[in-house]
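Student: missing the sequence, but the structure's below:
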């Protein structure tokens, strides 16, 4: 299976996981010149930008969230907020999807 197909499966699992937690999915796979946002969701009055990482093990997946990836994601989010003219509270989350399950890491920062 190709990497993109595996990523799509992980994102679908992640969306279902978030929905079960009461999170409303707003958009997926949002691209701009800086990069991609995997999932944009709303929980209460907080806009959540969710980075999905998947691998065979938790450790392999979580170590793919690098400082450079977070910087790129931050630029992508800022561009998205400007384009949509949004001024709201938001956070960056990670969903770690591996063969053993899913872990939601809320409010990851640089």
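Tutor: All right, it came through fine. Model, not experiment: these values are computed from the prediction. Numbering: from 1, shown residues only.

Student: hey, where'd the helices end up in this structure?
Tutor: Secondary structure of the chain (DSSP state H): helices located at 3-20, 58-62, 67-84.

Student: As TSV, these with mean pLDDT would be great.
Tutor: Output for the helices of the chain, formatted as TSV (pLDDT from 0 to 100):
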stretch	mean pLDDT
helix 3-20	90
helix 58-62	89
helix 67-84	95
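
Student: so which of the ones you listed gets nearest residue 50?
Tutor: Among those, helix 3-20 comes nearest to residue 50, with 7.0 Å by Cβ to Cβ. For glycine as for every other residue, the C-beta is placed from the backbone atoms N, C-alpha and C.

Student: which of the residues in the closest one are buried?
Tutor: Across helix 3-20, burial judged by 16 or more other Cβ atoms under 10 Å covers 7, 10, 11, 13, 14, 15, 17, 18.

Student: Who are the contact partners of the nearest residue to the last one once chain neighbours are set aside?
Tutor: Right, the one you point to is residue 18. Beyond its immediate neighbours in the sequence, the residue positioned closest to residue 18 (Cβ to Cβ, 6 or more residues apart in numbering) is residue 41, lying 5.9 Å away. By Cβ atoms under 8 Å, 6 or more residues apart in numbering, the contact set of residue 41 is 18, 23, 24, 25, 26, 47, 48, 50.

Student: Apply 10 Å and report the result again.
Tutor: Residues counted as contacts of residue 41 (Cβ atoms under 10 Å, 6 or more residues apart in numbering) are 14-15, 18-19, 21, 23-28, 47-50, 93.

Student: Give the buried subset of the residues you listed as a PyMOL selection command.
Tutor: Of these, the buried ones can be selected in PyMOL as follows, counting by 16+ other Cβ under 10 Å:
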select buried, resi 14+15+18+23+25+28+47+48+49+50+93
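
Student: which two from the contacts of residue 41 end up farthest apart in space?
Tutor: Greatest spacing in those, by Cβ to Cβ: 21 and 27 (17.6 Å).

Student: Restricted to strands, list the contacts of residue 41.
Tutor: Among those, the members falling in strands (DSSP state E) are 24, 25, 26, 27, 28, 47, 48, 49, 50, 93.
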